[in-house]
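A.B. asks: Below: sequence and its predicted model.
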Amino acid sequence: MNRTIAVLGLALLVSLGATGCAGGISSGIVDTRNHQGDLAIDNGNYTEAARAYRLALQLAPDDEHARAGLASVQLKIADQLYQNSKFDEAVAALAVAAKYDPTSVRLQALRSEIDDARIKREIVVSNYPTYRETGVALRRSYAQLNMQSAEVLASLQRFDYTYDSAQLSKAIRASLELNQEVGRLTARMIAFRRLVESGSPKDASDVSLSSAASLLPLP
């Protein structure tokens, strides 16, 4: 009898010790995953951060740090998706965030922004189905202005060490051309807005976004 009790006691002690050790290992892994998630957020790697927090939650579903971290990073991911016009994916990311922080004011605000943007997009598409192509062309044109600005700066910089007024003349010519291009692009944006709001033919080739005769009166 005494031998049996001793064996059972020893088995119980071993079991408790093993359980405590396992718990310590699990806790350490959770802490490590949370730390990895925090570092990933600091580095702007939201996908990796979300993965780290998810792994932590697999071991400790109630861990507050992991829950708050995943909610926060999913909100950041949703915002990025929203800004890239990926509304469905953004809403899906918000749904994950809502599981861990359902009372988030920012989450509710972003969801409202996305819903509002969806409605406005439907109106724009119905008015101007080829708006996206025109918008891309406008952004590309404005990006090219950076090259023209660089030409002006380069001429001014050369004058700084050559003291050749011809460089100033070159900068002035480039600046005037830049100003004219800005005026043309502004006129195109005004026409673009008009087409977005009032409608246009479905075929973009039927629509002219050439410069307006005058930029005035501006809206």
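C.D. replies: Happy to help now that I have it. Residues are numbered from 1 along each chain as shown.
A.B. asks: Please, where are all the strands along this structure?
C.D. replies: Assigned by DSSP state E, the chain shows no strands.
A.B. asks: domain ranges for it?
C.D. replies: 2-127, 131-206 (automatic domain parsing).
A.B. asks: Present those as a markdown table; the columns should include mean neighbour count and mean pLDDT.
C.D. replies: C-beta here means a position set from N, CA and C on the backbone, and glycine is covered the same way. Converted to a markdown table, those look like this (neighbours: other C-beta atoms under 10 Å; pLDDT from 0 to 100):
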| stretch | mean neighbour count | mean pLDDT |
| --- | --- | --- |
| domain 2-127 | 15 | 85 |
| domain 131-206 | 14 | 91 |
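A.B. asks: ok, Tyr128 touching Arg193?
C.D. replies: No. Proximity of Tyr128 to Arg193 does not meet the contact threshold set by C-beta atoms under 8 Å, at 10.0 Å.
A.B. asks: Distance check, the residue most central in space within the chain against Gly24.
C.D. replies: Nearest to the mean C-alpha position of the chain, counting by C-alpha atoms, centre = their mean, stands Gln80 at 2.2 Å. Applying C-beta to C-beta, to the nearest Å, the value for Gln80 to Gly24 is 37 Å.
A.B. asks: ok, now which ones touch Gly199?
C.D. replies: Residues in contact with Gly199 (C-beta atoms under 8 Å, 6 or more residues apart in numbering) are Ser126, Asn127, Tyr128.
A.B. asks: For Ala187, state which of these is nearest.
C.D. replies: Tyr128 (17.3 Å; C-beta to C-beta).
A.B. asks: gap between the closest one and Ser200?
C.D. replies: 5 Å.
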